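1. Have a look at this prediction, sequence included:
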Amino acid sequence: MESGSFKDFVTDHLFEFFSYTAYANMTFGHVIMILVGLIFIYLAIAKDYEPMLLVPIGFGILIGNVAFSPGMKLGIYEEGSVLNYLYFGVSKGVYPPLIFLGIGAMTDFSALLSNPRLILIGAAAQIGIFGAYAIALALGFDANEAGAIAIIGGADGPTAIFLSSYLAKDLMGAIAISAYSYMALVPVIQPPIMRLFTTKKERLIRMKPPRAVSKLEKILFPLVGLLMTCFLVPSGLPLLGMLFFGNLLKESTVTKRLADTAKGPMIDIVTILLGLTVGASTQATTFLTPKSIGIFALGAFSFVIATTGGVLFVKFINLFLKEGNKINPLIGNAGVSAVPDSARVSQTIGLEYDKTNHLLMHAMGPNVAGVIGSAVAAGIILSFLS
């Protein structure tokens, strides 16, 4: 082979090789998303913001934005690719009920059972969902898209994924990333709202210690809770059924191995798969659209409404309660279902004003009620729109 033709042969093959690398297929959008993924990982490691969620999601964003040539069966949206098979659990709504099973197995509903009126705070916080729904419709999203976007206000990632898998598959990546982002930023977003809408006197309110809850009450709660909620909203059965089943495994005390598996290895595995594939679904070529940006803005707005609604609702019901029986409005933020982070925020802000006023146990009541409330809200939306 002549030296000239050999040189051409090598050059042609080098160019062909380069055309298959991510460097040749990279766009500005991929760079933006990779930076977003790195920010998620930084917040998780340096700031300890929901590391169990943000590390898998952040790394998934990096995986999803390694640019490749179409048709190589690598991307999460290409049929036959490994990522596409793993994404099946997200796109078909399989992972969220399994997450709810684990949540049920690790949740103690005693704080709610000892003071049942706290469930009203969890219900009030869902106003963010329905407020965001109305605004999304006004901005031009269709009814199904608006319903899927609105659930972000409940600060419940699995519920957001579950609902969008039915109503707006094309927006699932943006909705899931938005929901988990705001869940992680609970310690940043909620405190200013709580301070804004409460007075110093209200922040110092001391609540009565919660009463002891019997084992019988704890066992009956998941049974009664399932029948009451799912008879009312059958569409919420996949989430609520698994939540209450997991809680029964815990509280019955005779299925400890099953409860330990549900709240340990199982939920960890599902969280890894869900976080990684949700992150990988943010391929710049399909993710970076005006709708995605609008979803982030609406998600923030609905989250603010939900937090505000919970705090203001406590102030409202305090108008009808006697002194010594009032509720500290600082636990109103815990009505969103970011468990247990929003309850910890209640505790942290409360201790700023009174080092001996511990609100965590009280805040866990509306916090776990918010988990139920967001699933019920999702069922209502699904009933009307599916």
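-> Cool, the structure landed.
2. Now Ile41. Nearest residue, chain neighbours left out?
-> Leaving aside its chain neighbours, Ile41 sits nearest to Gly58 (3.9 Å; criterion: Cβ to Cβ, 6 or more residues apart in numbering). Yep, even glycine has a C-beta here, placed from its N, CA and C like the rest.
3. any idea which element the one you found lies in?
-> Counting by DSSP states H and E, the element that carries Gly58 is helix 51-64.
4. okay, now the residue nearest to Ile41: neighbour count?
-> Neighbourhood size, Gly58 [other Cβ atoms under 10 Å]: 23.
5. Pull up the gap between it and Ala184, please.
-> Distance, Gly58 to Ala184, by Cβ to Cβ, to the nearest Å: 10 Å.
6. Report the contact partners of the residue nearest to Ile41.
-> By Cβ atoms under 8 Å, 6 or more residues apart in numbering, the contact set of Gly58 is 37-41, 44, 279.
7. Quick check, central residue of the chain?
-> The centre of the chain sits closest to Gly157, judged by Cα atoms, centre = their mean, with a distance of 2.1 Å.
8. Now the single longest helix found in the chain: buried residues?
-> Longest helix of the chain, by residue count under DSSP state H: helix 290-318. Neighbour counts using 16 or more other Cβ atoms under 10 Å place 291-292, 294-296, 298-311, 313-315, 317-318 of helix 290-318 among the buried residues.
9. That helix: what's the following helix or strand?
-> Once helix 290-318 ends, the next helix or strand along the chain (criterion: DSSP H and E) is helix 341-353.
10. All the strands of the stretch 151-300 of the chain, in order from the start?
-> In the stretch 151-300 of the chain, no strands are defined using DSSP state E, counting those that start in this stretch.
11. just to revisit the earlier point, can you tell me which of the contacts of Gly58 is closest to Val82?
-> Gly279 (15.0 Å; Cβ to Cβ).
12. List the contacts of the closest one.
-> Taking Cβ under 8 Å, 6+ apart, one finds 37, 40, 56-64, 177 in contact with Gly279.
13. Leaving out sequence neighbours, find the closest residue to it.
-> Sequence neighbours aside, Gly60 is the residue nearest to Gly279 in space, at 2.1 Å (criterion: Cβ to Cβ, 6+ apart).
14. returning to what we had before: among the contacts of Gly58, name the buried ones.
-> Looks like those have 37, 40-41, 44, 279 buried, using 16+ other Cβ under 10 Å.
15. pLDDT below threshold where in the protein?
-> Within the chain, the stretches with pLDDT under 70 are 1-4, 6-10, 12-13, 16-19, 71, 386.
16. give me the number of residues near the closest residue in space to Thr285 that isn't next to it in sequence?
-> Spatially, and ignoring its direct neighbours in sequence, Thr285 is nearest to Gly29 (7.0 Å; Cβ to Cβ, 6+ apart). A total of 17 residues lie near Gly29 under the criterion other Cβ under 10 Å.
17. again, but for Gly153
-> 33.
18. Next: Leu319.
-> Neighbours around Leu319, by other Cβ under 10 Å: 7.
19. Mind telling me what element the closest residue to Leu385 other than its chain neighbours is part of?
-> The shortest distance from Leu385 to any non-neighbouring residue, by Cβ to Cβ, 6+ apart, is to Gly147 (4.9 Å). Assigned by DSSP H and E, Gly147 belongs to helix 143-150.
20. counting contacts, what elements does that helix pack onto?
-> Packing partners of helix 143-150 (3 or more Cβ pairs under 8 Å, 6 or more residues apart in numbering; DSSP states H and E): helix 127-138, helix 157-167, helix 172-184, helix 290-318, helix 360-385.
21. Now the first one: buried residues?
-> Right, the one you point to is helix 127-138. In helix 127-138, counting by 16+ other Cβ under 10 Å, buried: 127-133, 135-137.
22. from the residues you listed, which single one is nearest Pro51?
-> The closest of the buried residues of helix 127-138 to Pro51 turns out to be Gly128 (Cβ to Cβ; 25.2 Å).
23. Pretty sure that closest one sits against Ala300.
-> No: applying Cβ atoms under 8 Å as the test, Gly128 and Ala300 come out as separate, 10.5 Å apart.
24. returning to that earlier point: the residue nearest to Leu385 and Ala184, how far apart?
-> Distance, Gly147 to Ala184, by Cβ to Cβ: 23 Å.
25. Between the two, point out the one with more neighbours.
-> More crowded of Gly147 and Ala184, by other Cβ under 10 Å: Gly147, with 29 against 26.
26. Contacts only, for the more buried one.
-> 133, 163, 167-168, 381-382, 384-385.
27. Next one: it from Ser281, what distance?
-> 20 Å.
28. Same question for Phe100.
-> Counting by Cβ to Cβ, the gap from Phe100 to Ser281 is 21 Å.
29. Neighbour count for those two, which is higher?
-> Per other Cβ under 10 Å, whichever of Phe100 and Ser281 has more neighbours is Phe100, with 28 against 25.
30. so what's that one up against?
-> 158, 239-240, 242-243, 246, 375.
31. Run through the helices of the stretch 1-150 of the chain in chain order.
-> 3-19, 22-25, 28-46, 51-64, 82-91, 95-106, 110-114, 119-124, 127-138, 143-150 (DSSP state H, counting those that start in this stretch).
32. Of all the helices and strands packed on helix 143-150, which one comes closest to Leu14?
-> The nearest among those, by Cβ to Cβ, is helix 172-184 at 35.1 Å.
33. what helices or strands is that closest one leaning on?
-> helix 28-46, helix 51-64, helix 82-91, helix 143-150, helix 157-167, helix 267-280, helix 284-287, helix 290-318.
34. at 6 Å instead, please
-> Other helices and strands packing on helix 172-184, by 3 or more Cβ pairs under 6 Å, 6 or more residues apart in numbering; DSSP states H and E, are helix 51-64, helix 157-167, helix 290-318.
35. among those, which is nearest Phe141?
-> Nearest of the helices and strands packed on helix 172-184 (Cβ to Cβ): helix 290-318, 7.7 Å.
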